[in-house]
Structures are given as C-alpha cells and as structure tokens.
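S.K.: Pasting the sequence and the predicted coordinates here, then a few questions.
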Amino acid sequence: MENKSLSMSFLAQTTDANYHGNVHGGKVMKWIDEVAYALAVRHARKNCVTKFVDDIEFLETIHIGDLVYLTATLLKIGTTSMRIKVEVSSENLIEQVTKSNCACEIVFVAIDDHGKKTTI
C-alpha cells in the first residue's frame, strides 16, 4: 500500500491554549482531523469527508511551546472509505520529555464533485 502514513509536527502556540497554558481538546481534535484528511485525500486522490471518529481519550496535556507530533496511518481501505488511526504525542523541548497524548480512529469517505460517495 503506497503512502500509508503521514506525519505532521508543529509548536503549540498561545492561540491553541486556554488561560492555564493547556492546549484545548477541540484544537487537538481539529489537528487529528486535518492530518487524517490529508492522508485520505493523498491516498484516494479525491476529496474526502469525515464520516466517523472513534473514541478519543486525552491521556496527557499538551502545553504551549510543546512540539506536537501527529501520525496518521491507513488501517483499512474499502470501496469508498478508509479507516485511519491517528496518534498524537508531544515533546517538552527544554526538559526533553515526550509523552503520548491521545489516539483515535477515523473513517473518511471519498466523494465526487456533487458530494456523493465515490469509489477510491
């Protein structure tokens, strides 16, 4: 399977976090959706939409200044859909401590120009 994974990384910024310096869970969910979307479109070579997101359990907090890593991996490819696992980890660059923040699975569906399901 070609291009079966995709990784993204960036620094958590003040605009991503609350008043305590912790990154919002909703922001993390947005990043998860973005990396999975990029992998789905790259694989399908068609536009894709999120159909389903499995449980997300937030295990560790991401703080402002942490380097955030997201890795999306294709788990299963159907006729019109793909199941993708996304893992999120972060690193405190000063203390050089890396932690696993959360993981989930997402299903994306390939769509045509009219927004209807189409084959991959």
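M.R.: All right, it came through fine. Numbers count the residues shown, from 1 in each chain.
S.K.: List phi and psi for residue 94.
M.R.: Phi and psi for residue 94, reported as degrees, to the nearest 10, are phi -70, psi -50.
S.K.: The nearest residue to it once chain neighbours are set aside in helix, strand or coil?
M.R.: Excluding the flanking residues, the one nearest residue 94 by CB to CB, 6 or more residues apart in numbering is residue 65, at 8.0 Å. Every C-beta, even on glycine, is put in place using the N, C-alpha and C of the backbone. Taking DSSP: H, G, I helix; E, B strand; the rest coil as the rule, one finds residue 65 in the coil state.
S.K.: next one: residue 29
M.R.: Going by three-state DSSP: residue 29 is helix.
S.K.: where's the residue most central in space within the chain, which helix or strand?
M.R.: Closest residue to the average C-alpha location of the chain: residue 32 at 2.2 Å, with CA atoms, centre = their mean. In the assignment (DSSP states H and E), residue 32 maps to helix 25-44.
S.K.: Parallel or antiparallel, list what pairs with the longest strand seen in the chain.
M.R.: Secondary structure of the chain read by DSSP state E shows that its longest strand is strand 97-110. According to DSSP bridges, strand 97-110 has the following sheet partners: strand 48-53 (antiparallel), strand 81-92 (antiparallel).
S.K.: and it, which residues are buried?
M.R.: Neighbour counts over strand 97-110 (16 or more other CB atoms under 10 Å) mark 101-110 as buried.
S.K.: can I get those residues in a markdown table with distance to residue 21 and pLDDT?
M.R.: Converted to a markdown table, the buried residues of strand 97-110 look like this (distance: CB to CB, whole Å; pLDDT from 0 to 100):
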| residue | distance to residue 21 | pLDDT |
| --- | --- | --- |
| 101 | 15 | 98 |
| 102 | 18 | 98 |
| 103 | 23 | 97 |
| 104 | 24 | 97 |
| 105 | 29 | 98 |
| 106 | 28 | 98 |
| 107 | 33 | 98 |
| 108 | 32 | 98 |
| 109 | 37 | 98 |
| 110 | 39 | 98 |
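S.K.: Name the residues that touch the helix or strand where residue 71 lies?
M.R.: Assessed by DSSP H and E, residue 71 sits inside strand 67-77. Contacting residues not belonging to strand 67-77 are listed as 1, 4-12, 23, 31-32, 35-36, 38-39, 43, 62, 82-91, 93, 101, 105, 120 [CB atoms under 8 Å, 6 or more residues apart in numbering].
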